[in-house]
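Undergrad: Sequence isn't available, so here's the structure alone:
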């Protein structure tokens, strides 16, 4: 006996309510960028993902570009709304326009359903769709309080790795999801250390989140030719980010992720010894009294998230031989730096002189340490050529200030030096702490700084050390050249005694190759 139309509709409705994939394939239309309006026939990887999302409360999806995951999330949202009452779904993205796109997909699918499947709408606009059964979906931009007052059934965060304050959003939404709501967090990678990367790592460790990685190869219509085209269009880094699900190569780190990975595999190792009251003074070598060393220090501002840090490295080989990162008061820090610098062959001690740094510098001066780095007070920016033109007379400091002056004009020079050294892979870095900081030391617009929630104390002090290292070597060579010039004049004297009577000039003033006079009394 033939079934009547009502029975057939009821049976179809039940099938759709039980299986979202059946619902998509038979009744949901999507807008394909090339094929126009088509039924949403899921690829095998999309169907598998749909099963993961249905079975797990918290899902994090690391994906390649243009795999239809936002479309699948839209379809799943519509399925929840139609076949369940009082489902409240919130979509958050980097911008309201991006979040609105997902709601637009939901509205398009709903508008093209058969009449008997459609829900009765009470609100239908670009940012929201609300049905009479109490279910709704809304789109919003990534404000810190997004979702705070909502009782959510599902939170969808699109391109989560690119939302600056996503951690605040997630914290705000926790209470609203506590009654059993779920979350879908999806994104292409954007470097390491951000919230998306953190929850991905947690998911791989089996903590709270269920991970799904969707490499570009999961798409059945893509091959190596397509991947090569993406590299041509996007560049190496862009293609790694958009196609390969590669956290290391993506993002905007100052030092290339691949370089940092090479350092981690090649040089990073456990210290030979951990010293200090807090065990944070790490040594990878011991002083060699035939070598020259530099100690470069950054001083904490004093807030709870900031650290004092210093490096010791060999001037010639640029090998990191010791490092400190910890929380210590200025008096103790000054005493520690004086002791460490003295231990490492009376090393040049470079301390940033901004703000609280002066207190540390004063402690070093009070202890009569005689190899403290000085900067010229009348130089608007620091350049090694300026130091070379002026000379670096440690006995005449009237025009100089103790410490290194990090300003808006010196900072780019220091970061540029870091970039140059690391691209050439010249330094020998043993510290995992430093490499970890470099992984989250990023370009924020035109400024290089630590990613939000991280520190750059070790990075800044290390970068300063690289700049000083170049300057110190040039100055040392200049001193040797001037000494050689002086001795040459003595050897050529017709009387065997160097005198100013024949020239009428001060014998302790000599011109360099640029015609600049230099006072040589410091040689006495």
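TA: Here it is on my side, so go on. Values in this document were obtained by computation on a predicted structure and should not be read as measured data.
Undergrad: Quick check: which ranges of the protein have low pLDDT?
TA: 1-3, 143-150, 301-304, 376-399, 472-524 (pLDDT under 70).
Undergrad: Point me to the residue sitting closest to the centre of it.
TA: Among the residues of the chain, the one closest to the centroid is residue 440, at 2.6 Å (C-alpha atoms, centre = their mean).
Undergrad: Relative to residue 459, how far out is that one?
TA: 9 Å (C-beta to C-beta, to the nearest Å). Heads up, the C-betas are built off the backbone N, CA and C, glycines and all.
Undergrad: Common neighbours of the two, please.
TA: Residues touching both residue 440 and residue 459 by C-beta atoms under 8 Å, 6 or more residues apart in numbering: residue 450.
Undergrad: The residue nearest to the centre of the chain against residue 451, yeah?
TA: Yes. With contact defined as C-beta atoms under 8 Å, residue 440 counts as touching residue 451 (4.1 Å).
Undergrad: Residues that sit against both of these two, list them.
TA: In contact with both residue 440 and residue 451: 191, 193, using C-beta under 8 Å, 6+ apart.
Undergrad: residues in contact with the residue nearest to the residue nearest to the centre of the chain when sequence neighbours are not counted?
TA: Spatial nearest neighbour of residue 440, chain neighbours left out: residue 193 (3.7 Å); criterion: C-beta to C-beta, 6 or more residues apart in numbering. The neighbours of residue 193, taking C-beta under 8 Å, 6+ apart as the test, are 439-440, 451, 453-454.
Undergrad: cutoff 6 Å now
TA: 440, 451, 454 (C-beta atoms under 6 Å, 6 or more residues apart in numbering).
Undergrad: and which of those residues is nearest residue 334?
TA: residue 454 (26.4 Å; C-beta to C-beta).
Undergrad: Distance of the closest residue to that closest one other than its chain neighbours relative to residue 233?
TA: Excluding its sequence neighbours, the residue lying closest to residue 454 (C-beta to C-beta, 6+ apart) is residue 440, at 4.4 Å. Distance, residue 440 to residue 233, by C-beta to C-beta: 28 Å.
Undergrad: Please apply the same query to residue 66.
TA: Between residue 66 and residue 233 the computed distance is 12 Å (C-beta to C-beta).
Undergrad: ok, these two, which is more surrounded?
TA: residue 66 (13 against 10; other C-beta atoms under 10 Å).
Undergrad: helix, strand or coil for that one?
TA: Here residue 66 takes the coil state, with states given by DSSP: H, G, I helix; E, B strand; the rest coil.
Undergrad: Next, it: phi, psi?
TA: The phi and psi torsions at residue 66 (degrees, to the nearest 10) take the values phi 50, psi 50.
Undergrad: try residue 158
TA: Torsion angles, degrees, to the nearest 10, at residue 158: phi -90, psi 140.
Undergrad: Residue 127 and residue 140 touch, don't they?
TA: No. Residue 127 is beyond contact range of residue 140, at 7.7 Å (criterion: C-beta atoms under 6 Å).
Undergrad: Which one of those two is surrounded by more residues?
TA: Higher neighbour count among residue 127 and residue 140: residue 140, with 20 against 15, using other C-beta under 10 Å.
Undergrad: how much space is there between that one and residue 152?
TA: 12 Å.
Undergrad: burial count for the closest residue to residue 347 other than its chain neighbours?
TA: In this structure, residue 347 finds its nearest non-sequential neighbour in residue 293, 4.0 Å apart by C-beta to C-beta, 6+ apart. For residue 293, the count of nearby residues is 24 (other C-beta under 10 Å).
Undergrad: Run through the residues that contact residue 293.
TA: Taking C-beta under 6 Å, 6+ apart as the criterion, residue 293 is in contact with 312, 344-345, 347.
Undergrad: So which of these is the closest to residue 434?
TA: For these, the nearest to residue 434 is residue 312 (12.4 Å; C-beta to C-beta).
Undergrad: Hmm, residue 295 and that closest one touching each other?
TA: Yes. The pair residue 312 / residue 295 is scored as a contact, 5.1 Å apart, by C-beta under 6 Å.
Undergrad: Identify the nearest residue to residue 57 in space, disregarding sequence-adjacent positions?
TA: Distances taken as C-beta to C-beta, 6+ apart place residue 182 nearest to residue 57, at 4.4 Å, with adjacent residues excluded.
Undergrad: Residue 229 belongs to a helix?
TA: Yes. Under three-state DSSP, residue 229 sits within a helix.
Undergrad: From residue 67, how far off is it?
TA: Distance from residue 229 to residue 67, by C-beta to C-beta: 16 Å.
Undergrad: These two: which is more packed in?
TA: residue 67 (22 against 12).
Undergrad: Leaving out sequence neighbours, find the closest residue to that one.
TA: Residue nearest to residue 67 in three dimensions, not counting chain neighbours: residue 214, with 5.5 Å by C-beta to C-beta, 6+ apart.
Undergrad: Need the contact partners of the helix or strand containing residue 92.
TA: Element membership for residue 92 (DSSP states H and E) is strand 88-93. Contacts to strand 88-93, defined as C-beta under 6 Å, 6+ apart, come from residues 77, 99, 102, 136-140, 142, 146-147, 150-158.
Undergrad: 8 Å - rerun?
TA: Residues contacting strand 88-93 (C-beta under 8 Å, 6+ apart): 77, 80-81, 99, 101-103, 135-142, 146-147, 150-159, 163, 169, 173.
Undergrad: Select only the buried ones of those residues in ChimeraX?
TA: Selection of buried members from the contacts of strand 88-93 for ChimeraX, criterion 16 or more other C-beta atoms under 10 Å:
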select :77,80,81,99,101,102,103,135,136,137,138,139,140,142,146,147,150,152,153,154,155,156,157,158,159,163,169,173
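Undergrad: So which of the contacts of strand 88-93 belong to helices?
TA: 77, 80-81, 99, 101-103, 169, 173 (DSSP state H).
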